[in-house]
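Asks: Have a look at this prediction, sequence included:
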Amino acid sequence: MRQCVGCQEMKSKKEMIRVIRTNEEEFLLDATGKKNGRGAYICPDPECLKKAVKNKGLERSFKQAIPMEVYEALKEEMEKL
C-alpha cells in the first residue's frame, strides 16, 4: 500500500503512478514502477495532481522545490496514459 501525494489515500501500487527523481535531478512518470530513483506515488487522476501542487505533496516527498515546468510535463504525460 502506498499513499497518494495528492489525495492522501492509501491504495495499492498497481493502482497508482510512480513519480521518480533520477540521479540527474530529472522528474519522470514511471508507469512500470521499476525505474531507478527516489519515488512518490500519485493517483492517475488530474485532480490528484492539482491537489499535489496545492499541498506541495511532491515537494515534501522529494525534500526539494519542484519547478512548475515539472508539473506541466507530468500533467502532459499523465494525459497520455
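Replies: Nice, thanks for sending it over.
Asks: Just list what the lengthiest helix in the chain packs against, helices and strands only.
Replies: The longest helix of the chain (DSSP state H) is helix 68-80. The criterion is 3 or more CB pairs under 8 Å, 6 or more residues apart in numbering; DSSP states H and E, and the helices and strands that helix 68-80 contacts are strand 27-30, helix 46-54. C-beta: built from backbone N, CA, C; applies to glycine.
Asks: mean pLDDT for these: which is lowest?
Replies: Ranked by mean pLDDT, these bottom out at strand 27-30, with a mean of 85.
Asks: same for it, what does it pack against?
Replies: Using 3+ CB pairs under 8 Å, 6+ apart as the contact definition, the elements that strand 27-30 packs against are strand 17-21, helix 68-80.
Asks: Most tightly packed of the ones you listed?
Replies: For those, the largest average neighbour count (mean count of other CB atoms under 10 Å) is found in strand 17-21, namely a mean of 21.
Asks: ok, that one: who's next to it in the sheet?
Replies: Its sheet considered, strand 17-21 pairs with strand 27-30 (antiparallel), strand 38-42 (antiparallel) by DSSP bridges.
Asks: The last one: which residues count as buried?
Replies: Right, strand 38-42. Within strand 38-42, the residues that qualify as buried by neighbour count (16 or more other CB atoms under 10 Å) are 39-42.
Asks: Nearest to Leu58 among the residues you listed?
Replies: Out of the buried residues of strand 38-42, the one with the shortest distance to Leu58 is Ala40. That distance is 5.8 Å, counting by CB to CB.
Asks: can you pull up the bridge partners for that closest one?
Replies: Counting by DSSP bridges, Ala40 is bridged to Val19.
Asks: Test my guess that it contacts Glu59.
Replies: No - using CB atoms under 8 Å, Ala40 is not in contact with Glu59, being 9.9 Å away.
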